[in-house]
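# sequence? don't have it. structure:
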Ligand SMILES: NC(=O)C1=CN([C@@H]2O[C@H](COP(=O)(O)OP(=O)(O)OC[C@H]3O[C@@H](n4cnc5c(N)ncnc54)[C@H](O)[C@@H]3O)[C@@H](O)[C@H]2O)C=CC1
Ligand SMILES: O=C([O-])C1=[NH+]CCC1
């Protein structure tokens, strides 16, 4: 049995590969070539700590795989990441465990890639270079989005907001330095950060008070809302206020997951429009550019299957090269 560590994975991950694998998983959710599994939440009693078990199967010659991810979350973890993930990849013929992959960076990258794919298909005018991107939440998922969107689109400005200002400042310096740019700008005020933005990403642990208000938003804005687990699983909260859901088209990554985990949104009067894959496949027309669109990202096991297969193949290729 092989173990592929975070360090090894970091050397194999590319945005191009991640975007292709994630798009394949989003498409598969809507054309019947991935298993319609539901994930299981387990909470450590009387704490905000939880574990999610995500079994999945994806049929695809390049990105197909049979895998199960476990992901533990501890919003109070001060000495390490909030999320810790591991992915078990199984042999499709025998059912034997083939590989265990560290899954934290894979989760960060594929979550950002899912938002980028959704943005590409739901916000068609994003190729116009005069666009502003605003990212709320500068933790691991926010950071991955900043890298992914910088490398995938041409924004004139990328705004960063975080509850603790210093974290946003640190990330902005890191990104401006890495890419030798001044595009990354820190905003202290949420409203100023959201106003006039063409694309918004929210990547926080949703609190009791929604982060973003409807009246701050520009016509036709596209929002990728990724923070899905509330402070308590029985008391789910969202990053966007109810008025946003009432006045937008909401897209999801998969209906079985949305039906199980996003029932509250229907209660808010949300127009739950389609899976992103249905738009990719041309089954459903995307937003008309005037409506607000929200990609309410849950994350899918099939995305992890696609990523596990991608990384496993790259790892094996590298090993073979090293032994010759
Ligand atoms: N949709 C998906 O596929 C996935 C979603 N997630 C979700 O993404 C979110 C972010 O995860 P990470 O970046 O790993 O966490 P993190 O702990 O590294 O970062 C979260 C950031 O949000 C800020 N924050 C936390 N609570 C807040 C609140 N109530 N209001 C405003 N800001 C707040 C913190 O200052 C922190 O910088 C979580 O909700 C997580 O469950 C994670 C993985 C996949
Ligand atoms: O898909 C995923 O890995 C997650 N979704 C919410 C927390 C983690």
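Received the coordinates, thanks. Computed from a predicted structure; not experimentally measured. Ligands and ions are numbered 1, 2, ... in the order given.
# now the strands: where do they sit in this protein?
Secondary structure of the chain by DSSP state E: the strands cover 2-4, 40-43, 50-58, 65-73, 83-90, 97-102, 132-136, 157-161, 184-186, 199-202, 222-225, 248-252, 271-275, 292-296.
# Adding distance to residue 27, write those strands out as a markdown table.
Every C-beta, even on glycine, is put in place using the N, C-alpha and C of the backbone. What follows is the strands of the chain, written out as a markdown table (distance: least, Cβ to Cβ, whole Å):
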| stretch | distance to residue 27 |
| --- | --- |
| strand 2-4 | 25 |
| strand 40-43 | 25 |
| strand 50-58 | 10 |
| strand 65-73 | 15 |
| strand 83-90 | 20 |
| strand 97-102 | 22 |
| strand 132-136 | 24 |
| strand 157-161 | 28 |
| strand 184-186 | 31 |
| strand 199-202 | 21 |
| strand 222-225 | 18 |
| strand 248-252 | 14 |
| strand 271-275 | 9 |
| strand 292-296 | 15 |
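# Among those, show the one with the smallest mean pLDDT.
Sorting the strands of the chain by mean pLDDT places strand 40-43 lowest, at a mean of 90.
# Hmm, residue 249 and residue 279 touching each other?
No. Shown here, residue 279 and residue 249 do not form a contact pair, counting by Cβ atoms under 8 Å, at 10.3 Å.
# To residue 306, which of the strands of the chain lies closest?
For residue 306, the closest of those is strand 50-58, at 5.6 Å, according to Cβ to Cβ.
# Neighbour count for residue 279 and residue 249, which is higher?
Set side by side, residue 279 and residue 249 show more neighbours around residue 279, with 23 against 19, by other Cβ atoms under 10 Å.
# which residues touch the more buried one?
Shown in contact with residue 279 (Cβ atoms under 8 Å, 6 or more residues apart in numbering): 121-122, 251, 285-286.
# In TSV, list those residues along with neighbour count and distance to ligand 2.
Converted to TSV, the contacts of residue 279 look like this (neighbours: other Cβ atoms under 10 Å; distance: Cβ to the nearest ligand atom, whole Å):
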residue	neighbour count	distance to ligand 2
121	24	19
122	25	19
251	27	16
285	10	27
286	22	23
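# Enumerate every residue touching residue 158.
By Cβ under 8 Å, 6+ apart, the residues touching residue 158 are 132-135, 146, 149-150, 175, 183-185.
# Max pairwise distance over these: which two?
132 and 175 (15.6 Å).
# one step back: drop anything exposed from the contacts of residue 158.
For the contacts of residue 158, a burial check counting by 16 or more other Cβ atoms under 10 Å picks out 132-135, 146, 149-150, 175, 183-184.
# Out of those residues, which is nearest to ligand 2?
residue 135 (17.4 Å; Cβ to the nearest ligand atom).
# Now the closest one: closest residue in space, sequence neighbours ignored.
Distances taken as Cβ to Cβ, 6 or more residues apart in numbering place residue 201 nearest to residue 135, at 4.7 Å, with adjacent residues excluded.
# burial count for that neighbour?
Neighbours of residue 201 (other Cβ under 10 Å): 30.
# Residue 220 too?
Neighbours of residue 220 under the rule other Cβ under 10 Å: 15.
# cool, and residue 139?
With other Cβ under 10 Å as criterion, residue 139 counts 19.
# Likewise for residue 42?
12.
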